[in-house]
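Asks: Have a look at this fold, sequence not included:
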């Protein structure tokens, strides 16, 4: 017979704390079952059969009896058909400790549940298809979960966070914990738990709460805090796009918000613009309903004291809503001014970029196609007969600019520089020919 040391770390599984394992919560959790290795050894002695399947979980091997495992789990029944080993790998979110608890239930029909492990066992039971007829592990864990969230829903919620998304997709465990906390009035205690979630997990949870909560004030506060934390820690979590914010806020039903939260939502700069528009429309609809309720009765109708008090209350509410509407309109105008300012800045930057590209193009073109006048090329030769050979000098009295260079134009007349250049050029030619004739004589 194989010894228990083949199971590695499984021997210490049941040494965890025994919190909230009250016998009154579930018959199956009334006492801790014996360790898994003792259960397997006892079954081997009674049946005369050695373990005949190998199940690997996160690097740990479990030598178990095939008939016991497939009798409780439809998943294992499918995957152990014709084979003697299987590996439970992702997307199955099952730890070694959780599987040891599940395997013990397959042998004895008993399981030790606490507020810390009930979510993990409930998820594992769902993933492994342990919902067979009779007292299935899904039923046992579900019964315990429903009872324990009335005692310590916050502890259960913390254990659900590390099991997302399976904890929500299998049995809506996280959203049910939050729902229990809201009903008990502890809607603030879980905020620090949910704001640390990944974006896709938070979106999944918000979608579930949209269906579960009849009032969305808590959901709005949760979303607002999540956006606030993400905005303040962009280096850690990354910046949310406007589309991502809108997708999150779409889980909030404005019709299920109280008037106070609705006004706060309209004036909240963290909310995406499309969601704020929906909130404004809902606020206007509520205002119209309130004004209609506050309309004076027809003269021929008698007004009872109750109707009078209702109308007076409606008028006060209408005055408060009108004040909130004025504040909302101011906020809308401020947003419009900000949008116009952003548009002007973008247009200004676009114009600067276009000007920069144009200047760069002209600069490259000037460097590539530099033109040298014919006269300048002749002067640069420095040969005989050139202006330079005859001692080209500016005549005294020629106007100069600040750089000491002769002025090129004199009003609308022929440029002085051009006249002087022509005169000196002809004189230089004459001198050159005169010198040449003298040399030949």
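Replies: Thanks, I have it. Please read all numbers here as calculations on a predicted model, not as lab measurements.

Asks: So, low pLDDT: which residues of the stretch 301-441 of the chain?
Replies: Of all residues in the stretch 301-441 of the chain, those with pLDDT under 70 make up the ranges 301-303, 305, 308, 329, 364-441.

Asks: buried set for stretch 112-125?
Replies: 112-125 (16 or more other C-beta atoms under 10 Å). Just so you know, the C-beta spots here come from the backbone N, C-alpha and C atoms, and that holds for glycine as well.

Asks: and if you look at stretch 59-73?
Replies: Counting neighbours by 16+ other C-beta under 10 Å, one finds that the buried residues in stretch 59-73 are 60, 62-66, 68-70, 72-73.

Asks: Tell me the gap between that stretch and the middle of its chain.
Replies: 41 Å (C-alpha atoms, centre = their mean, to the nearest Å).

Asks: Now do that stretch: everything it contacts.
Replies: Among residues not part of stretch 59-73, those counted as contacts by C-beta atoms under 8 Å, 6 or more residues apart in numbering are 2, 6-10, 40, 43-44, 47, 49, 51-56, 76-77, 80, 84, 96, 99-100, 102-103, 105-107, 128-130, 132, 136-137.

Asks: Redo the buried residues of stretch 112-125 as TSV? Include pLDDT and distance to residue 162.
Replies: Compiled in TSV, the buried residues of stretch 112-125 are given as follows (pLDDT from 0 to 100; distance: C-beta to C-beta, whole Å):
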residue	pLDDT	distance to residue 162
112	93	20
113	95	17
114	95	15
115	96	14
116	95	11
117	96	12
118	97	14
119	97	9
120	97	9
121	97	14
122	97	14
123	97	11
124	97	13
125	97	17
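
Asks: of those residues, closest to residue 223?
Replies: Closest approach between the buried residues of stretch 112-125 and residue 223, by C-beta to C-beta: residue 119, at 23.5 Å.

Asks: doesn't residue 158 make contact with that closest one?
Replies: No - between residue 119 and residue 158 there is no contact under C-beta atoms under 8 Å: 9.2 Å.

Asks: Put together a markdown table for the buried residues of stretch 59-73, with secondary structure and distance to residue 152 on each row.
Replies: Below are the buried residues of stretch 59-73 laid out as a markdown table (DSSP: H, G, I helix; E, B strand; the rest coil; distance: C-beta to C-beta, whole Å):
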| residue | secondary structure | distance to residue 152 |
| --- | --- | --- |
| 60 | strand | 29 |
| 62 | strand | 30 |
| 63 | strand | 36 |
| 64 | strand | 32 |
| 65 | coil | 36 |
| 66 | helix | 38 |
| 68 | helix | 32 |
| 69 | helix | 32 |
| 70 | helix | 35 |
| 72 | helix | 28 |
| 73 | coil | 29 |
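
Asks: which residue sits closest to residue 202, ignoring its sequence neighbours?
Replies: For residue 202, ignoring the flanking residues on the chain, the nearest one in space by C-beta to C-beta, 6 or more residues apart in numbering is residue 226 at 5.9 Å.

Asks: neighbours of the one you found, just the number please.
Replies: The number of residues packed around residue 226, counting by other C-beta atoms under 10 Å, is 25.

Asks: Tell me which residues touch residue 85, please.
Replies: Taking C-beta under 8 Å, 6+ apart, one finds 53-56 in contact with residue 85.

Asks: most surrounded residue in those?
Replies: The most neighbours of any of those, using other C-beta under 10 Å, belong to residue 55, which has 22 neighbours.

Asks: Are we agreed that that one is in a helix?
Replies: No - assessed with DSSP: H, G, I helix; E, B strand; the rest coil, residue 55 is strand; it does not lie in a helix.
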